[in-house]
Structure formats: C-alpha cells, structure tokens
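Participant: whatever this is, show me its structure:
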Amino acid sequence: MNKKNDPIQKRIGDFVEAECPGCNFVGISNGGEVYLSFMDEDPEIVTADKRRIKDHFGDEIAKLTTVVSVPLEEVKILVDGLNQALKDTEEKKPQLLNIGKF
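Facilitator: A predicted model of the protein is given here:
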C-alpha cells in the first residue's frame, strides 16, 4: 500500500516513532496543526525533531505545537492557591455601600 494513501495522523505517528525518539505524536487538528510532546526539554533536541518532522511532511502540515502535560497534583495545588487568593481579595475589599450606623 502506498504510504501517501495512509491517513496523515498514521504517517506522522509512524514517522515520529521511528525518527524522533523522545518525541510523542499527540494529534493533528483539522487545520493541519500538529501537536507533539517531548520527554526531553533540551531546546536543541526539540528544535531538531520539529525541523525533521516539518521537512518530511512539508505543506501537508501547518505548524507544530508542543503540548505539556502537568501532573494532576500540581494542577490541584495551583487551583487551591488561586481559590485562596480570590478569597483573600474578597475579604480585603472595602464595603463601599457600608455607610455605618446613624
């Protein structure tokens, strides 16, 4: 079977798996934006892998976007911190309509 007849996501997934160790194909949008995740944060490796993918697929894809996954525990800490900051802000807000007692 001709590889050009394979769906683009399969061809990208196969290429990334074979040619870009440490890189994972996450998906592709209807507009051709390719989503990737990287195990290594070295900018030279990330740039080289992205260049390799872009060179191989050319106009078949639009841009390449790096997706970062954050552990759920870290997200919970961030949300709890934000909720506390909002609560503290509400408590410090002056009551503009409080005119006191007569």
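Participant: now the helices for this structure?
Facilitator: For the chain, the helices defined by DSSP state H cover 8-19, 43-57, 72-92.
Participant: distance between the shortest one and the chain's centre?
Facilitator: Mean C-alpha position of helix 8-19 versus that of the full chain (C-alpha atoms, centre = their mean, to the nearest Å) differs by 19 Å.
Participant: residues making contact with that helix?
Facilitator: Applying C-beta atoms under 8 Å, 6 or more residues apart in numbering, the set of residues contacting helix 8-19 from outside is 3, 6, 23-25, 27-28, 34, 36, 49, 52-53, 56-57, 60-61. Glycine gets a C-beta too; all of them are placed from N, C-alpha and C.
Participant: please redo it, this time with the cut-off set to 10 Å
Facilitator: The contact list for helix 8-19, computed with C-beta atoms under 10 Å, 6 or more residues apart in numbering, reads 3-7, 22-28, 32, 34, 36, 49, 52-53, 56-57, 60-61.
Participant: just the ones of the residues you listed in strands?
Facilitator: Using DSSP state E, the members of the contacts of helix 8-19 that fall in strands are Cys23, Asn24, Phe25, Val26, Gly27, Ile28, Val34, Leu36.
Participant: please list all residues in contact with the nearest residue to the second one once chain neighbours are set aside.
Facilitator: Ranked by C-beta to C-beta, 6 or more residues apart in numbering and with sequence neighbours excluded, the top spatial neighbour of Asn24 is Ser37, at 4.7 Å. Contact partners of Ser37, counting by C-beta under 10 Å, 6+ apart, are Gly22, Cys23, Asn24, Phe25, Val26, Thr66, Val67, Val68, Ser69.
Participant: redo the helices of the chain as a markdown table? Include mean pLDDT and mean neighbour count.
Facilitator: Converted to a markdown table, those look like this (pLDDT from 0 to 100; neighbours: other C-beta atoms under 10 Å):
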| stretch | mean pLDDT | mean neighbour count |
| --- | --- | --- |
| helix 8-19 | 95 | 14 |
| helix 43-57 | 95 | 14 |
| helix 72-92 | 88 | 9 |
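Participant: which residue is nearest the centroid of the chain?
Facilitator: By C-alpha atoms, centre = their mean, the chain has its centre lying nearest to Val67, at 2.4 Å.
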